[in-house]
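*Asks:* need a structure here:
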Amino acid sequence: MKERHPRMARESRTIRAMIGIYCRAHHGRRGKEAGLCGECRELLDYAEFRLDRCPFQEKKTTCGNCPVHCYKPSMREKTRTVMSYSGPRMTYRHPVLALFHLMDGRRKAVLPGRK
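*Replies:* Numbering: from 1, shown residues only. Sure thing, here's the model as predicted:
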């Protein structure tokens, strides 16, 4: 696996944190060793897969503001549900990631090779 750009690694940490918050609250998974339930693990694996193949890479905005919607409709809806629950809680659980996520949402997506 190739080395990720720091921007993409942060995006991965953000989605992992959001899914973790949601899973603990809705599926009763407690403790770091408990991990994610099967449904949330599937969503995280899918999000990581899509993130690795994002055409914008480090120049991307948040997925919700992206002009290219690469998620399947069912996964997009699950991600929306997770983010609407976890987003407000990120401020308390992961304030730095939440701040960067807000700033990233204000960027414009730029395809590689363009300015």
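*Asks:* can you list contacts of the least confident helix or strand in the chain by mean pLDDT?
*Replies:* Here the helix or strand of the chain ranked lowest by mean pLDDT, DSSP states H and E is helix 95-105, holding a mean of 80. Outside helix 95-105, the residues that touch it by C-beta atoms under 8 Å, 6 or more residues apart in numbering are 7, 10-11, 13-14, 17, 60-62, 64-65, 87, 90-91. All C-beta spots, glycine's among them, are computed from the backbone N, C-alpha and C.
*Asks:* Which positions in it come out as buried?
*Replies:* For helix 95-105, the neighbour count (16 or more other C-beta atoms under 10 Å) marks 97-98, 100-101, 104 as buried.
*Asks:* again with stretch 10-29
*Replies:* 10-12, 14-24, 29.
*Asks:* What pLDDT is listed against the residue nearest the centre of the chain?
*Replies:* Geometric centre of the chain, nearest residue: I15, 2.7 Å, by C-alpha atoms, centre = their mean. I15 is assigned a pLDDT of 91 by the prediction.
*Asks:* got a list of what it touches?
*Replies:* By C-beta under 8 Å, 6+ apart, the neighbours of I15 are 44, 47-48, 51.
*Asks:* I only care about those that end up buried; give me the ChimeraX line for that.
*Replies:* Command for ChimeraX that selects the buried part of the contacts of I15, burial taken from 16+ other C-beta under 10 Å:
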select :44,47,51
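*Asks:* shaky segments in the protein?
*Replies:* Where the chain drops to pLDDT under 70, the residues are 1-2, 29-34, 105, 107-115.
*Asks:* hey, where'd the helices end up in it?
*Replies:* For the chain, helices defined by DSSP state H occupy the ranges 6-27, 38-52, 73-93, 95-105.
*Asks:* got the angle for the first one vs helix 95-105?
*Replies:* Counting by axes from the mean of the first three to the mean of the last three C-alpha atoms, to 10 degrees, helix 6-27 lies at 120 degrees to helix 95-105.
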